[in-house]
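Dropping a prediction and its sequence here:
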Amino acid sequence: MASSDTRTTDSTGESATGNLGQNVSVEAGLDALDLVVTSRPTFRQTFVNKIFPPIVAIAVVMVVWLILTPVVDDPSKLPSPGAVGTEFKDAWLAGDLLGYIWTSVSRGLLGFFFALLIGTPLGLLVARVKFVRAAIGPILSGLQSLPSVAWVPPAVIWLGLNNSMMYAVILLGAVPSIANGLVSGVDQVPPLFLRAGRTMGATGVKGIWYVTLPAALPGYVAGLKQGWAFSWRSLMAAEIIAQFPDLGVGLGQLLENGRTASDMAMVFEAIFLILFVGIAIDLLLFSPLERWVLRSRGLLVKS
């Protein structure tokens, strides 16, 4: 009898031990799923994944350009890569190239900063106050769909040919996008977050700062990115249309100067510079910010 009890006890012990081992292995497996490999990628991985693809794309464009140049055989319509390169070289040697870029970039970034200061509280107001949303929400959506170039003539009439006119056009183009992006982000905040914040005493300004804005960051960042795109487009439209010696020569005016002189090499120079600035701002500012937001929410995991 004692032997039977002993066998029963051993059997039960072995079963419990087996179950415990299975639970431990399952937990270890689940923990392994949560592991995030944060090792720094090698240069080869970075080159293959991020550097090499753009190089290939640029090479393809250059090959197509070189093929089309003798086919078109008209420099006034399609200049050769060498002619555009000479235009860049002459502007650099004359000390004008960086001036073109800085004139436009300084205006664009300062105007975007002002748009950020106006669009953020406006977006919060529209998102949180029903009456304001009903009154202003459709107007913001309409303004966002309005081409930025439409604001240049009234801005010139109201403010004259000066930098204030440039900033006004940027604001009218960027503020609706920033505000609408924030409204979209706030609308996607789970109500449970807001109730939990109120329970913990995060009401009023504290609730906005510690609960609403952090939870709405993905939509807000998307609105910022779109707002910069509208800022840059608005500025280029203003520089192309409104020209005055005191304003200096920005990239938009450089593009218009090339059109006026029928100099397609200068036109291509301006286009490439406009593209370069737009891509550089996105890569240096908005892409890292977007990755940080996604990674902080576990939506972008390094593996």
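Thanks, I have the structure now.

Need the nearest residue in space to Met236, chain neighbours excluded.
Closest residue to Met236 apart from its sequence neighbours, by Cβ to Cβ, 6 or more residues apart in numbering: Gly252 at 4.4 Å. Backbone N, C-alpha and C define where each C-beta goes, glycine included.

what about the one you found, distance to Gly258?
11 Å (Cβ to Cβ, to the nearest Å).

Tell me which of those two has more neighbours.
Remark: of Gly252 and Gly258, Gly252 carries more neighbours, 25 against 19, as counted by other Cβ atoms under 10 Å.

tally of neighbours for Leu217?
Leu217: 20 neighbours (other Cβ under 10 Å).

hang on, it packs against Arg295?
No - assessed by Cβ atoms under 8 Å, Leu217 is found out of contact with Arg295, at 11.8 Å.

which non-adjacent residue is nearest Ile136?
The nearest residue in space to Ile136 (Cβ to Cβ, 6+ apart) is Val126, at 5.6 Å.

For the residue sitting nearest the centre point of the chain, which residues are in contact?
Central residue of the chain (Cα atoms, centre = their mean): Lys225, 3.1 Å from the mean position. By Cβ atoms under 8 Å, 6 or more residues apart in numbering, the residues touching Lys225 are Asp282, Phe286, Glu290.

confidence score at the second one?
It refers to Phe286. We have a pLDDT of 87 for Phe286.

oh, and call the first residue 30 from now on, that's how I've got it
In the new numbering, first residue 30, that becomes Phe315.

How much space separates it from Leu302?
19 Å.

again with the first one
If you measure Asp311 against Leu302 using Cβ to Cβ, the figure is 15 Å.

quick one: which of these two has more around it?
Leu302 (20 against 16).

quick one: contacts for the nearest residue to the more buried one once chain neighbours are set aside?
Excluding its sequence neighbours, the residue lying closest to Leu302 (Cβ to Cβ, 6+ apart) is Leu280, at 5.2 Å. Contacts for Leu280 (Cβ under 8 Å, 6+ apart) come out as Tyr129, Ile130, Thr132, Ser133, Met265, Glu268, Ala299, Leu302, Ile303, Val306.

What confidence value was assigned to Leu280?
Residue-level pLDDT assigned to Leu280 equals 92.

And Leu172, by the same measure?
You'll see Leu172 listed with a pLDDT of 86.

now what about the helix or strand hosting it, what contacts it?
For Leu172, the element it lies in under DSSP states H and E is helix 159-174. The contact list for helix 159-174, computed with Cβ under 8 Å, 6+ apart, reads Leu151, Leu154, Val155, Ala156, Leu201, Val204, Pro205, Ser206, Ala208, Asn209, Val212, Phe259.

The same query, at a cut-off of 10 Å, please.
148, 151-156, 158, 180, 201-210, 212, 216, 255-256, 259 (Cβ atoms under 10 Å, 6 or more residues apart in numbering).
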